[in-house]
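Q: need the 3D shape of this:
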Amino acid sequence: MSLQAYRNEVWLVMHNSDDPQKETAMVRIYLDESGDEGPSITHAVIGGLLINRSYFLHFEAEWDRLLEKHGIAAPIHMKEFGRPHGRFASMSDVCRYQLFVEAADLINSHKLFSIGSTLSNHDYQTHMPQAVRDKYSVYAMCFMLTAVANHKLAELSNYRGNIPFILDSGNAYAKHVRQAHAVMLEWQHQGVPLNVGSLTFADDADFGVLQAADMIAWGVRRRVSGIPFGDIFTPIETILNDEKNHAEQEWKADWLKQLGERILRRIEAKTDE
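A: Sure, this is the predicted structure:
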């Protein structure tokens, strides 16, 4: 089976079953994380893109051609451009810039929206109860905010279907994301409209959209952290332009307090069962 045939089968099969959470979806959201809870990292980020089925396979084919043109073996990760030890450390500044110009143009021409959710590590430590932090990392919080932002975009677009979430299988915080997804599904079952579909993890080596999500998440974190893009990475900033259908949200202190209290009550209720 060719890679393109595999991608098409994944689109059709992964969300086509009797389970209402795995119904065939015309729109899906591909996400990746950026940053960690280390002392030198100010923010955690989850970012990516929404894409519909009619654009998906064309994007994948064009992404493959883009990497082949630049002599790059998939997957491409932004951290690999670090010098002097990154896989792409030897790539010249001119070649890097051209790669990002073409990648940004491809993403902007195929996405429905790009999306980014951010959380200050300081705010997370300050406003989230310890019992909640023990179960839900900053990336769980970012995933929840992403799900809410995704719902708002669906409302604006008058889209009523559930939207599946696909993340890189190499995500170190997969357990926390699964827990956050379960919470969102629980709230949805209680009548809160969220457009939350299934959660799936896939290998980013197989999907250009996940590699694009890595690029978007990296760009969002760089911007929210106040780190200049510099000339080489400037094209990525064009993806994060409101006029290019980019939606971005940062956790506010009051929201964290309210959510922390709600999740803490949920944890305590389950402990008492």
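Q: quick one, strands of this structure?
A: Per DSSP state E, the chain carries strands over the ranges 27-34, 43-52, 113-120, 163-168, 196-202, 246-250.
Q: okay, those in a markdown table with mean neighbour count next?
A: From N, CA and C alone the C-beta is placed, and that goes for glycine too. Below are these laid out as a markdown table (neighbours: other C-beta atoms under 10 Å):
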| stretch | mean neighbour count |
| --- | --- |
| strand 27-34 | 26 |
| strand 43-52 | 26 |
| strand 113-120 | 26 |
| strand 163-168 | 24 |
| strand 196-202 | 20 |
| strand 246-250 | 18 |
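Q: neighbours of Asp204, how many?
A: 25 (other C-beta atoms under 10 Å).
Q: and the gap between the closest residue to it other than its chain neighbours and Leu240?
A: Leaving aside its sequence neighbours, Asp204 sits nearest to Leu210 (C-beta to C-beta, 6 or more residues apart in numbering; 3.8 Å). Applying C-beta to C-beta, to the nearest Å, the value for Leu210 to Leu240 is 18 Å.
Q: distance to Leu153 and mean pLDDT for the strands of the chain - can I get that in a markdown table?
A: Putting those into a markdown table (distance: least, C-beta to C-beta, whole Å; pLDDT from 0 to 100) gives the following:
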| stretch | distance to Leu153 | mean pLDDT |
| --- | --- | --- |
| strand 27-34 | 9 | 95 |
| strand 43-52 | 7 | 96 |
| strand 113-120 | 6 | 96 |
| strand 163-168 | 9 | 95 |
| strand 196-202 | 13 | 95 |
| strand 246-250 | 6 | 95 |
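Q: dump those strands to JSON lines, plus distance to His70.
A: Below are these laid out as JSON lines (distance: least, C-beta to C-beta, whole Å):
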{"stretch": "strand 27-34", "distance to His70": "20"}
{"stretch": "strand 43-52", "distance to His70": "20"}
{"stretch": "strand 113-120", "distance to His70": "22"}
{"stretch": "strand 163-168", "distance to His70": "21"}
{"stretch": "strand 196-202", "distance to His70": "23"}
{"stretch": "strand 246-250", "distance to His70": "24"}
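Q: for the ones you listed, which one sits closest to Pro129?
A: Minimum separation from Pro129 across the strands of the chain (C-beta to C-beta) falls at strand 113-120, 15.1 Å.
Q: direction included, what does that closest one pair up with?
A: Its sheet considered, strand 113-120 pairs with strand 43-52 (antiparallel), strand 246-250 (parallel) by DSSP bridges.
Q: closest to Gly82 out of the ones you listed?
A: It is, among the strands paired with strand 113-120 and with distance given as C-beta to C-beta, strand 43-52, at 17.5 Å.
Q: in this structure, what spans have low per-residue confidence?
A: 1-24, 36-39, 273 (pLDDT under 70).
Q: sorry, back to before: out of the strands paired with strand 113-120, which is closest to Met184?
A: Closest approach to Met184 among those is made by strand 43-52 (13.2 Å; C-beta to C-beta).
Q: who's more crowded, Leu210 and Leu240?
A: Between Leu210 and Leu240, counted using other C-beta under 10 Å, the more crowded position is Leu210 (25 against 21).
Q: quickly list what the most centrally placed residue in the chain is bridged to.
A: The chain has Leu31 as the residue nearest its centroid, 2.2 Å off, counting by C-alpha atoms, centre = their mean. Going by DSSP bridges, Leu31 is paired in beta bridges with Gly48, Leu167.
Q: for it, what are its contacts?
A: Ile46, Gly47, Gly48, Ile115, Phe143, Thr146, Phe165, Ile166, Leu167, Ala213, Ala217 (C-beta atoms under 8 Å, 6 or more residues apart in numbering).
Q: ok, now how distant is the second one from Arg83?
A: Per C-beta to C-beta, Gly47 is found 24 Å from Arg83.
Q: now Thr200
A: Going from Thr200 to Arg83 by C-beta to C-beta gives 34 Å.
Q: and the helices in this protein?
A: 3-13, 53-69, 93-110, 121-127, 130-133, 138-156, 174-189, 208-224, 230-237, 253-272 (DSSP state H).
Q: which one of those helices is the most hemmed in?
A: helix 208-224 (a mean of 25; mean count of other C-beta atoms under 10 Å).
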